[in-house]
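Student: pasting a predicted model and its sequence here:
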Amino acid sequence: MANFPSHDLESAPEESKPLLEKSQAAFGRLPGLHKVMAESPQHLEGYQLLHQLFLQTDFDNDEKTVVWQTINVENECHYCVPAHTGIARMMKVSDEISNALRDETPLPNARLEALRTFTLQIMNQRGNVTDEQLQVFFDAGYSHRAVLDVVLGLAQKTMSNYVNHMAQTPVDEVFHPLLWKRKVAEPA
C-alpha cells in the first residue's frame, strides 16, 4: 500500500490550505479525495478548476451525472461512484437515472443513452471515435461543443478516479449508504 497522506487544514502544504478552505466552504466538510489531492497543490487546484468548468457546460444536471458516472463506473472508482450518487441526489437527478448508471442498465431516454454510449466510446477508444459514432451523437441532438465538454468531464474524472485507485481513498462516511461495487454478469 502506498499510504498516501490525507491532509486537513493544519497538515496541508501552505499552497493547498486555501484550496482546502474552498472545498470545505463548498461541501461543508473536507472530502477525502481533496484531502489526498492536497499533497500536490497544483493537482488539487487543477481538479477544482476542471470541476468548476464542467459545471458551467451546457449539460443539464442529468447529463452531467451521465458523463461523470459513466466514467466512474467504467473506471470502477470505489470512491467516486458513491460520491456522485450523493451529488446527483443534491442536483435533483432521479434515482432511476442514478441506478441505471450504477447498474449499467438502460437509461430512461435515448438521448441520455446516446450520451453514455458516446462517453464510453471516447474513453475506450482514447478519443479515436469514428465519423459514424460522431454522427449518432449529433443525431441524438448533441453538438461539437458537447463532444468537447465530454472530454472536459473525462479529464476531471481521470484525475479523481486514478488518484482514488492509487491512494485507496476511504469513502466519506456521508456516502457509506451509497457504497458500490460493479455487478458481475451472471453466466448465461
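Tutor: Okay, I see it.
Student: my read: P108 touches E96, true?
Tutor: Yes: using Cβ atoms under 8 Å as the test, P108 is close enough to E96 to be in contact (5.5 Å). (Each C-beta comes from the backbone N, C-alpha and C, glycine too.)
Student: state the distance from the residue sitting nearest the centre point of the chain to D8.
Tutor: Centroid check for the chain by Cα atoms, centre = their mean gives W68 as the closest residue, at 3.6 Å. Distance from W68 to D8, counting by Cβ to Cβ, to the nearest Å: 26 Å.
Student: count of neighbours near V184?
Tutor: Using other Cβ atoms under 10 Å, V184 has 6 neighbouring residues.
Student: likewise for P108?
Tutor: Quick note: P108 (other Cβ under 10 Å) scores 12 neighbours.
Student: which residues touch it?
Tutor: Contacts for P108 (Cβ atoms under 8 Å, 6 or more residues apart in numbering) come out as 94, 96-97, 100.
Student: got any ranges where this protein has weak pLDDT?
Tutor: 1, 185-188 (pLDDT under 70).
Student: residues contacting the longest helix along the chain, please?
Tutor: Looking across the chain with DSSP state H, the single longest helix is helix 144-167. Here helix 144-167 makes contact (Cβ under 8 Å, 6+ apart) with 2, 4, 33, 36-37, 43, 46-47, 50-51, 53-54, 57-59, 64, 67-68, 71-72, 75, 77-80, 115, 118-119, 122-123, 127, 134, 137, 169.
Student: kindly write the ChimeraX command that selects the buried subset of the residues you listed.
Tutor: In ChimeraX, this line selects whichever of the contacts of helix 144-167 come out buried by 16 or more other Cβ atoms under 10 Å:
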select :4,33,36,37,43,47,50,51,54,57,59,64,67,68,71,72,75,77,78,79,80,115,118,119,122,123,137,169
